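Just the structure for this:
(2 chains)
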Amino acid sequence: MDTDLRKKYWKENLKYLAILISIWFLVSYGFGILLVDELNTIRMGGFKLGFWFAQQGSIYVFVILIFVYVRLMNKLDKKYGYNEE
Amino acid sequence: MSDVQIWTYVLVALSFGLYIGIAIWSRAVSTKEFYVAGGGVSPLANGMATAADWMSAASFISMAGLISFAGYDGAVYLMGWTGGYVLLALLLAPYLRKFGKFTVPDFIGERYYSKTARVVAVFCALIVSFTYVAGQMRGVGIVFSRYLEVDINTGVVIGMVIVLFYAVLGGMKGITYTQVAQYCVLIFAFMVPAIFISIQMTGNPIPQLGFGDTLSDGSGTYLLDKLDGLSTELGFAEYTSGSKSMIDVFAITLALMVGTAGLPHVIVRFFTVKRVRDARKSAGLALLFIAILYTTAPAVAVFARTNLIETVSGKEYDKMPEWFSRWETTGLIAHEDKNGDGIIQYVAAPEVNELTVDRDIMVLANPEIANLPAWVIGLIAAGGLAAALSTAAGLLLVISSSVSHDLIKNVLNPGLSEKGELWAARISAAVAVVIAGYFGINPPGFVAAVVALAFGLAAASFFPAIILGIFYKKMNSQGAISGMVVGLCLMLFYMLKFKFGIFDGGKEAIDGLKDDWWFGISPEGFGSIAMVVNFIVAIVVNSFTDDPPEDVQEIVENIRIPSGVGDAIEH
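Model (predicted):
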């Protein structure tokens, strides 16, 4: 297998990981924990926003993140001819 | 027999019949089927099986109750036990699937070209799995005793026989398909009461939205505002803000997330699918299925807490509804009339408070507190059993494969035939069930405490070794082994010191030691520190020792590319 191709594929993969993991960190540790008091001053219906992120929002984002990753990687695999039947 | 009991018997019997039927249909005939279900499970089935594997008696029975007493702080469990799947999907599952072996110690042993590394990994896997499985068997016994009025021990034995039957017969293949059925049972059992109660309290059929909605009594007050008001009135902390320190919340969440991603019985599920892309997808589906329960649990927590306060606080003891006395006999709820006025004082101050409530009651008795029909109450028992049995089976498989595959086949007796190994796997599964059952019947006092810490142990040992094995090509065996050993020992030390008070005179000393917590972090959260230490030790030792051999670096290159999984198709 072509080493250059592999390296490029891996680099793109790492770039996706860095972006997705940053979002993962932001919604859970950022919005749900570190910034919770600030966000709690904002209200969304009956929810204080920080509380909502800690007990609901972050989980929804986690699910979305994985499916975004699945899509991105399937595309990337195709681009490099690493996809399988 | 009451209606509730008849429904409970019928539903439990039906679900057990289903599991046994599936077990007979899906017997394992090769080691590959026994360890990884032949490697041909569909992503959807694997997603459901992973969800059931993951959600234990603790998730089903205890979590909503924990949250309802912890308020905002309960978020550590919600985020901690779901966020780990992002790490699993992005950083572990696809690569481990590509690597394509049977167990986690398999990966550690081969990636770090070392029998010592494999044995250390087996040791970690056994510690984590045994502590966890004992809790599950106990959970089975408790559900039996509370709903079907059999003795706890008889309950444990019934559970043992069922698990023994399908784990020994079907191995991973049997477990996978029973777990799919168990997921359906447990999610149905959790959602139905939640939806009923949500409609009752807020008029909103979706619990996730309901607990942020206004009350259905027409007052226009938001449910959460009302609960905040009630809580502060009685002297408790405001529900939507917590009482733990921010750094501890952070550390516990991290330890649980990383621990989840490092738990061998979860990781091994991703060895069972056909292709790398299936591993990614099934991780997403698993989290989706888990999220259905995990986003409902905080709603249940709020409904149950509000209902409980409104029903009992400041009310006359003689006028309590029927469920109150029924659960009083189980010891889960107790009233001690301290001032002799016949009224239940439920407040935060311990010297005035007259009511003690076990957290588990919030899920177990919730349908009764909300006056739901008998069949809904019967569902809870079937759901709790499904949750406990599915997790127990997954853990038993990890134990049996660690012993038969990693210890016997790879270390002690490499000449063992395929057939011999399959028998070794069956026998170790059977022995493991018996040991787990023994601990279920005679629970050592520390089980409950240790289950929570199993995550810390997994975070402190496996996670860094696996991550470095994939993302750091030059990581060598000396680095990885020293990291694992130091991480594990540090975690054990912290646990023994601050959770059991071993060095300071036992359990009584624990509260006094809180001020000495390192960085203000509780033993539950310390796994995150031990993990960081593991990473540092591994990298430092690595920099002083030789690079791994070329062929190992080639393996790492290879697992990073998804194509060419090869031999997995046997279905």
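
Could you use CA atoms for every contact and neighbour count after this?
Noted.

Contacts only, for the residue most central in space within chain A.
The centre of chain A sits closest to residue A:20, judged by CA atoms, centre = their mean, with a distance of 3.2 Å. Residues counted as contacts of residue A:20 (CA atoms under 8 Å, 6 or more residues apart in numbering or on different chains) are A:65, A:69.

Could you give the number of residues near the one residue in the stretch 301-450 of chain B that gets nearest to chain A?
In the stretch 301-450 of chain B, the residue found nearest to chain A is residue B:301; the distance is 11.1 Å by CA to the nearest CA. A count of nearby residues for residue B:301, using other CA atoms under 10 Å in any protein chain shown, gives 26.

repeat for the one 4 residues further on
The local packing count at residue B:305 equals 24, with neighbours defined by other CA under 10 Å.

Then residue B:545?
13.

how about it, phi and psi?
Dihedral angles phi and psi of residue B:545 (degrees, to the nearest 10) take the values phi -120, psi 170.

Next up, the contacts around it.
If you count contacts by CA under 8 Å, 6+ apart, then residue B:545 has B:476, B:478, B:479 around it.

Now the closest residue to chain A within chain B. Nearest residue, chain neighbours left out?
When distances are taken as CA to the nearest CA, chain B approaches chain A most closely through residue B:212, which lies 4.3 Å from it. With sequence-adjacent residues excluded and distances taken as CA to CA, 6 or more residues apart in numbering or on different chains, residue B:212 is closest to residue A:46, at 4.3 Å.

Check whether the one you found really touches residue B:228, as I assumed.
No: counting by CA atoms under 8 Å, residue B:228 is not a contact partner of residue A:46; they are 11.4 Å apart.

Correct me if wrong: the residue of the stretch 301-450 of chain B closest to chain A contacts residue B:67.
Yes: between residue B:301 and residue B:67 there is a contact under CA under 8 Å: 5.9 Å.

Ignoring the adjacent residues along the chain, who's closest to residue A:13?
residue A:73 (7.5 Å).

Kindly report the same for residue A:29.
Closest to residue A:29 by CA to CA, 6+ apart is residue B:250, at 6.8 Å.

Also residue B:385?
Of all residues apart from its sequence neighbours, residue B:140 sits closest to residue B:385 (CA to CA, 6+ apart), at 5.8 Å.

what's near enough to touch that neighbour?
So residue B:140 contacts B:57, B:155, B:156, B:159, B:384, B:385, B:388, B:389 (CA under 8 Å, 6+ apart).

Looking at those residues, which two lie furthest apart in space?
B:57 and B:155 (14.4 Å; CA to CA).

on that earlier part again, now do the residue of the stretch 301-450 of chain B closest to chain A, the pLDDT please.
Reading off the confidence values, residue B:301 has pLDDT 92.

Spit out the contact partners of it.
By CA under 8 Å, 6+ apart, residue B:301 lies in contact with B:64, B:65, B:67, B:68, B:362.

which residues in chain A form helices?
Shown for chain A, the helices assigned by DSSP state H span residues A:3-25, A:36-39, A:49-52, A:58-79.

Report the buried residues of the longest one.
Along helix A:3-25, the positions that meet the burial threshold by neighbour count (16 or more other CA atoms under 10 Å in any protein chain shown) are A:6, A:9, A:13, A:16, A:17, A:20, A:21, A:23, A:24.

Residue A:63 is in contact with the last one, correct?
Spelled out, it's residue A:24. No: in terms of CA under 8 Å, residue A:24 does not count as a neighbour of residue A:63; the distance is 10.2 Å.

For those two, list the residues in contact with both.
What both residue A:24 and residue A:63 touch, as defined by CA under 8 Å, 6+ apart, is the set residue B:86.

The closest residue to chain B within chain A: neighbour count?
Per CA to the nearest CA, the residue of chain A with the smallest distance to chain B is residue A:46, at 4.3 Å. Number of residues near residue A:46 (other CA under 10 Å) recorded here: 18.

same check, this time on the one 3 residues further on
Using other CA under 10 Å, residue A:49 has 22 neighbouring residues.

can you list the weak-confidence ranges in chain A?
Residues of chain A meeting the criterion pLDDT under 70: A:1, A:85.

who in it is up against chain B?
Contact residues of chain A with respect to chain B, defined by CA under 8 Å from any CA of the partner chain, are listed as A:6, A:10, A:17, A:24, A:28-29, A:33-34, A:45-48, A:51, A:54-56, A:58-60, A:62-63, A:65-67, A:69-70, A:74, A:77, A:82-84.

Can you turn the buried part of those into a ChimeraX selection?
Here the buried members of the residues of chain A next to chain B are turned into a ChimeraX selection, burial being counted by 16+ other CA under 10 Å:
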select /A:6,17,24,28,29,33,34,46,47,48,51,54,55,56,58,59,60,62,63,65,66,67,69,70,74,77,82,83
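
residue at max distance from the center of chain B?
Note on chain B: the largest separation between a C-alpha and the mean C-alpha position, by CA atoms, centre = their mean, falls on residue B:341 (42.7 Å).

Can you show me the strands along chain B?
Chain-ordered strands for chain B, with DSSP state E as the definition, fall at B:333-335, B:355-357.

and residue 62, what does it touch?
Here I'm looking at chain A. Residues in contact with residue A:62 (CA under 8 Å, 6+ apart) are A:24, B:82, B:83, B:85, B:86.

that answer is for a different chain, and I need it for chain B
Residues counted as contacts of residue B:62 (CA under 8 Å, 6+ apart) are B:359, B:360, B:362, B:363.

which one of those residues is nearest residue B:254?
Out of these, the member with the shortest distance to residue B:254 (by CA to CA) is residue B:359, at 23.9 Å.

who's in contact with stretch B:360-367?
Contacts of stretch B:360-367 (CA under 8 Å, 6+ apart): B:60-62, B:64-66, B:68, B:193, B:197, B:300-301, B:304-305, B:323, B:327, B:332-333, B:373, B:376-377, B:380.

Among the residues you listed, name the ones in helices.
B:64-66, B:68, B:193, B:197, B:300-301, B:304-305, B:323, B:327, B:376-377, B:380.

Now which of these would you call buried?
Buried members of the ones in helices among the contacts of stretch B:360-367, counted by 16+ other CA under 10 Å: B:64-66, B:68, B:193, B:197, B:300-301, B:304-305, B:327, B:376-377, B:380.

From the buried residues of helix A:3-25, pick the one nearest residue B:294.
Out of the buried residues of helix A:3-25, the member with the shortest distance to residue B:294 (by CA to CA) is residue A:24, at 17.1 Å.

Stretch B:37-50 and chain A in contact?
No: contact between stretch B:37-50 and chain A, assessed by CA under 8 Å from any CA, is absent, since the two come no nearer than 12.3 Å.
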